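J.: Please find the sequence and the predicted model below.
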Amino acid sequence: MLRRRGASAKLVFLAPQGQKLTDRENRSAVEKVVDRVGGLDQVVRAADPYGAGAVSKDGSTAYAAVTFEVKAKDVDDQVKQDLEQAVEDGRKAGLTVEVGGSVLATQPSGGATELVGVVVAAVVLLVTFASLAAAGLPLLTALIGVGMGVATIMALSSALGLSSATSTLAMMLGLAVGIDYAMFIVSRYREERARGLAPQDAAGVAVGTAGSSVVFAGLTVVIGLAGLSVVGIPTLTQMGLAAAGTVALSVLVAVTLVPALLGIFPRAVLARSTRRFARRGARPEVADLPRPGRGAGQAQRRGGDGPSGVPGRRLPELLHALAACGGAGAGCAGGGGAAQREYAGGCCAAS
């Protein structure tokens, strides 16, 4: 059975200029600080630097490792104050004393920031897709992927000594990529359904095209995060690998759970116009669908779309502009009158 690992702190002592910590007075001051810290509540042990061999060869520097029986977030405020007071007593004795570790580190307040991010993402998705189901599906799958990743990190935190910042980073990145990757697949599915494909075919095309991009993008992020281990700093290694695992789970959820939900609710994420065609059993083309702000009948009255996807209403204007620039080309070459050359100035500058 693995023993629960508590918080830790480290006391660093530096002797005054020209003195050593092995001198009697300085050694007595160090031992008093260590003994006082070792007697605090929730402290398991404060190692004696002289007995542990934690004194430098020149005797100017030493450190004492302090182990707590609880995690950093569970350490009482009174214990922290007593620890700081013991350090201050060592400074009054003429030593330079500093304390570090997870005990006195500011604990990140998670929850509120992530909640604000989810709300903002929901608003953006709702405006983009104009569908509550289409906006909610990426959020749902992203939360599932992040939940799996954070749960795994919390399960391993005691055994591996992972800090709370590790889960915070994994949660932030997991939400970002989870929403992004699921949105790619949903958007492509909507496009294929608008072209008239059956739900199963549209889901397969979406996973085969947008899903491939999702896998490649996710693999790039995973490699980048895992590359933090090259630095050789244990904390960065833990944070990078934990975040990389969460991103990998988000990719897996995006290419498996998202298509499954699209298969269960094939019309829920579609736009209203596409759902109307689906109910009638029609297989519309993209050009046949009504565009935002313009009904289908209005689009037909305006002549539909022209060649190369240019609306028929704008085609005469485009031809007129091309003819004007082409006719004014003589001005670029130096021909024609002064008025024609002045009119051709814009076309000459563009060319």
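T.: Structure's in. What do you need? Numbering: from 1, shown residues only.

J.: Please make it C-alpha for all contacts and neighbour counts, starting now.
T.: Will do.

J.: Let me know how buried the nearest residue to Leu143 once chain neighbours are set aside is, in neighbour terms.
T.: Distances taken as CA to CA, 6 or more residues apart in numbering put Leu175 closest to Leu143, at 6.7 Å, once the chain neighbours are dropped. When neighbours are counted by other CA atoms under 10 Å, Leu175 registers 26.

J.: and Leu175, how far is that from Val116?
T.: 12 Å (CA to CA, to the nearest Å).

J.: Arg45 now?
T.: For Arg45, the distance to Val116 - CA to CA - is 41 Å.

J.: the more surrounded of those two?
T.: Arg45 (19 against 11).

J.: neighbouring contacts of the helix or strand hosting that one?
T.: Arg45 belongs to strand 43-46 when assigned by DSSP states H and E. Contact with strand 43-46 is made by 34-35, 37-38, 64-69, as judged by CA atoms under 8 Å, 6 or more residues apart in numbering.

J.: And that strand, what's buried?
T.: For strand 43-46, the neighbour count (16 or more other CA atoms under 10 Å) marks 43-46 as buried.

J.: Name every strand pairing with it and say which way it goes.
T.: strand 61-68 (antiparallel) (DSSP bridges).

J.: Which SSE is immediately downstream of the strand it pairs with?
T.: helix 77-92.

J.: quick check, distance from the very next helix or strand once past that next one to the centre of its chain.
T.: Under the assignment DSSP H and E, the closest C-terminal helix or strand after helix 77-92 is strand 96-101. Centre-to-centre, strand 96-101 and its host chain are 33 Å apart (CA atoms, centre = their mean, to the nearest Å).

J.: Same question for stretch 180-189.
T.: With CA atoms, centre = their mean, you get 17 Å for stretch 180-189.

J.: contacts for it?
T.: Contacts of stretch 180-189 (CA under 8 Å, 6+ apart): 134, 137-138, 141-142, 202-203, 205-207, 210-211, 214, 251, 254-255, 258, 269.

J.: Could you rerun that using 7 Å?
T.: Residues outside stretch 180-189 that contact it (CA atoms under 7 Å, 6 or more residues apart in numbering): 138, 202-203, 206-207, 210-211, 214, 254, 258.

J.: could the contacts of strand 43-46 go into TSV alongside neighbour count and distance to Ile233?
T.: Shown next, in TSV, are those (neighbours: other CA atoms under 10 Å; distance: CA to CA, whole Å):
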residue	neighbour count	distance to Ile233
Val34	25	28
Asp35	16	31
Val37	24	28
Gly38	20	28
Ala64	25	21
Ala65	20	19
Val66	22	21
Thr67	21	21
Phe68	22	23
Glu69	17	25
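
J.: I'd like the residues you listed as a markdown table, with distance to Ser229 and pLDDT appended.
T.: Converted to a markdown table, the contacts of strand 43-46 look like this (distance: CA to CA, whole Å; pLDDT from 0 to 100):
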| residue | distance to Ser229 | pLDDT |
| --- | --- | --- |
| Val34 | 34 | 92 |
| Asp35 | 37 | 93 |
| Val37 | 34 | 91 |
| Gly38 | 34 | 90 |
| Ala64 | 27 | 92 |
| Ala65 | 25 | 90 |
| Val66 | 27 | 91 |
| Thr67 | 26 | 89 |
| Phe68 | 27 | 89 |
| Glu69 | 29 | 87 |
